[in-house]
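Trainee: let me see the structure of the following:
(one chain, ligands or ions: 1)
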Amino acid sequence: MSNDGVKGPENLGRRRFLTATTAVVGAVGAGFVAVPFIKSWLPSAKAKLAGAPVTADISALQEGQRLVLEWRGQPIWIVKRSKQMLEVLPTLDPRLADPKSSTDQQPAYTKNELRSIKPEISVLVGLCTHLGCAPEMVAEIKPEPFDPEWKGGYFCPCHKSRFDMAGRVFAGVPAPINLLVPPHHYENDTTIVIGVDPTGAA
Ligand code: FES
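Mentor: Residues are numbered from 1 along each chain as shown. Presented below is the predicted three-dimensional model:
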């Protein structure tokens, strides 16, 4: 039940994350609205400071949406990826700094091509691995001013680091490693617990 295997810049979580609000943020196209549907599940502020696990109901999460919650003072993103988003990921490997996630940026059970337990659900620490800014989710596949070949992902406006929809960092940007994946597991099909590894996880 350890989460110490995930490394990152020190105090990353405290630099830029200023809110403790849980919300769903729409990503693709118009029409997505904030749905604060898990607020009653959050532990108390005291429990959170002590590092208590956080439970999230993802049953209402739609493709292209991101659920944002807080665990240990860090923003945690839970993103439901579409089939198209998943299909694009392998094509990006040549443009990435560490496509195979070779360094210790995620628990062993998410050290796979999609960096996730379930293919469609991505769980990430929402802090840039450069200096801890909060990257923006830019999920649509279309040319962007910061990348004319953009295939969807996360863009950090602070110093222009880019990550794909698996949180893998592009080569040649300031961020040195992929976005971190926090320890987590599924309590059931639609309930994720952040902060606790799956039973028997390596
Ligand atoms: S903090 Fe994200 S690029 Fe510098």
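Trainee: from here on, just use CA atoms for contacts and neighbour counts.
Mentor: Will do.
Trainee: contacts for stretch 190-202?
Mentor: 1-3, 51-59, 71, 108-109, 182-187 (Cα atoms under 8 Å, 6 or more residues apart in numbering).
Trainee: center of this structure - which residue?
Mentor: residue 124 (2.2 Å; Cα atoms, centre = their mean).
Trainee: dump the residue contacts of residue 149.
Mentor: Taking Cα under 8 Å, 6+ apart, one finds 142-143 in contact with residue 149.
Trainee: which residue packs closest to the residue nearest to the centre of the chain, ignoring adjacent ones?
Mentor: residue 181 (4.5 Å; Cα to Cα, 6 or more residues apart in numbering).
Trainee: ok, now residue 130?
Mentor: residue 175 (4.1 Å).
Trainee: do residue 112 as well
Mentor: Using Cα to Cα, 6+ apart and skipping the chain neighbours, the partner closest in space to residue 112 is residue 100 (7.4 Å).
Trainee: what helix or strand does that neighbour sit in?
Mentor: For residue 100, there is no host helix or strand (DSSP states H and E).
Trainee: what about it, distance to residue 195?
Mentor: Noted for residue 100: a distance of 23 Å to residue 195, by Cα to Cα, to the nearest Å.
Trainee: what does residue 140 give?
Mentor: In terms of Cα to Cα, residue 140 sits 30 Å off from residue 195.
Trainee: so for the two, which residue has more residues nearby?
Mentor: Between residue 140 and residue 195, counting by other Cα atoms under 10 Å, residue 195 is the more crowded of the two (20 against 16).
Trainee: ok, which stretches of the protein are helices?
Mentor: Assigned helices in the chain, in chain order: 12-15, 45-49, 83-88 (criterion: DSSP state H).
Trainee: what stretches of this structure score poorly on pLDDT?
Mentor: Within the chain, the stretches falling below the threshold (pLDDT under 70) are 1-50, 202.
Trainee: rerun that using 90 as the cut-off
Mentor: Counting by pLDDT under 90, the chain has low-confidence residues at 1-51, 103-104, 113, 199-202.
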